[in-house]
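> Sequence and predicted structure, then a few things I'm wondering about:
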Amino acid sequence: MKDISSAIQLIPLEHYILLCVTLFSIGLMGVLFRRNTIIILMCIELMFNSINLLVAAFSAYHSDPSGQVFVFFVMIVAAAEVAVGLSILVMMKRNVDSVDINLLNRLKW
Amino acid sequence: MTFLFYFLSAIMILTALFVVFSKNPVDSVIYLIICFIAMAGQYILLNSQFLAVVHVIVYTGAIMVLFLFVIMLLNLNKEIILQKSKVTRISAVITGGIFFLVMVAATRLTLEIHPRYAFDSKIGLVSEVGKTLFHEFLLPFEISSVLFISAMIGAVMFGKKDV
C-alpha cells in the first residue's frame, strides 16, 4: 500500500491525460469506423471508461474524494445506458434482421 | 512500480485497437474485457480500491457478460465482412488522429498550471468514498435509483414483441 501510493507520485499527471486521450480517440475512431452496432456500443463504453480513469486520476492527484463519487455516478449511468442500448439492438435485429448501422438511416436527412 | 503503469497503459491501448479492428465480435468483447481488467489495475495503482472493485464487478462482470449474451442470443459470432467504404474508414482514422492531436495540443498548454497538492493515500478507500457519497451526494445517489428503474422499464418495453 505504501509502495503503491509512493510510486504513483512519480508518474506525472500528464501521462494519465495522454493515456486517456489516446483511449478516447481510439473509441471515437471505432464509432466512426465500424458498421456493427454492437462494436459501436463497445467503443462508447471505451470512451466512458477513459473519462472515468481520468477523473479518478485527477481526484487522486488533488486528494479530493468527490471525484471518486463522480466516477461511481458515471458507472451508474453507463450501466443504464448499456441496458437500454442492448435492448434497442435486440429490437433492431428483430425488425430488420441485421445489426448494420447503415440500415438505420431514416432520420439522416 | 512506475513500470507497471506503462505496462498496463500499453496493454490498454493495444487491446483497445484490437477491439476496433478485430473481425469477430466475440474477439472484440474478449479484448475489451482484457482492457477493462488492465484499467482495474490502473485504479489500484491510483489507490482507489473501491473503484477498482466496482469496475471489475460492474464492467467486467456484468456489462461485458451482457454483451456476450446478446452476441450469443442474436447469433452474431460469425466473421462479418461488411465494412464501411474505404473513404469513410480512412476519414474515421484521420478524424480520430486529428482529435488526438487537438486534445494533446490543448492539454500541453495547461501542463504548467495545475499545482501540486499534498498526496493523501486514503481518499480512494471504501470508508472515505462512502462518507462522501452518503453525506454530500446522498440525494443524487437516491435519484439514481429512479434512473435505474426507468432504464429497466425501457429495456423491458423495447424487448417486448408487440407493445
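Noted; the coordinates are in hand. Numbering: from 1, shown residues only, chains lettered A, B, ... in the order given.

> what about chain B, any weak spots by pLDDT?
For chain B, the stretches with pLDDT under 70 are B:79-81, B:111-117, B:163.

> The residue nearest the centre of it sits in which helix or strand?
In chain B, the residue lying closest to the centroid (Cα atoms, centre = their mean) is B:Phe36, at 6.6 Å. Under the criterion DSSP states H and E, the helix or strand holding B:Phe36 is helix B:25-45.

> what does A:Gly67 give?
For A:Gly67, the element it lies in under DSSP H and E is helix A:66-96.

> Next, count neighbours for the closest residue to A:Ile17 other than its chain neighbours.
Distance criterion Cβ to Cβ, 6 or more residues apart in numbering or on different chains; nearest residue to A:Ile17, sequence neighbours excluded, is B:Thr107 at 5.1 Å. Where C-beta positions appear, they are placed from N, C-alpha and C, glycine not excepted. When neighbours are defined as other Cβ atoms under 10 Å in any protein chain shown, B:Thr107 has 15 of them.

> which residues does B:Thr107 contact?
A:Glu14, A:Ile17, A:Leu18, A:Val21 (Cβ atoms under 8 Å, 6 or more residues apart in numbering or on different chains).

> Could you do A:Gly85 as well?
When contacts are counted by Cβ under 8 Å, 6+ apart, A:Gly85 touches A:Leu41, A:Ile44.

> Tell me where chain B has strands.
Counting by DSSP state E, chain B forms no strands at all.

> Are stretch B:77-93 and chain A in contact anywhere?
Yes - in terms of Cβ under 8 Å from any Cβ of the partner chain, part of stretch B:77-93 sits within range of chain A, namely B:Ile80, B:Leu82, B:Gln83, B:Lys84, B:Thr88, B:Arg89, B:Ser91, B:Ala92, B:Val93.

> number of nearby residues for the third one?
Burial measure for B:Gln83: 13 neighbouring residues, criterion other Cβ under 10 Å.

> now do the fifth one
Counted with other Cβ under 10 Å, residues neighbouring B:Thr88 total 14.

> can you count the residues close to residue 33?
Picked chain A for this. For A:Phe33, the neighbour count with other Cβ under 10 Å is 23.

> switch to chain B, that's the one I care about
Residues near B:Ile33, counting by other Cβ under 10 Å: 20.

> give the contact list for B:Gln49.
Contacts of B:Gln49 (Cβ under 8 Å, 6+ apart): B:Tyr43, B:Gly124, B:Leu125, B:Val126.

> Keep those residues, but drop any that are not near chain A.
Applying Cβ under 8 Å from any Cβ to the contacts of B:Gln49, one finds that B:Tyr43, B:Gly124 fall near chain A.

> Now, of the contacts of B:Gln49, which are buried?
For the contacts of B:Gln49, a neighbour count by 16 or more other Cβ atoms under 10 Å in any protein chain shown gives the buried set as B:Tyr43, B:Gly124, B:Leu125.

> Excluding chain neighbours, give the residue nearest to the first one in space.
Spatial nearest neighbour of B:Tyr43, excluding adjacent residues (Cβ to Cβ, 6+ apart): B:Ala52 at 3.8 Å.
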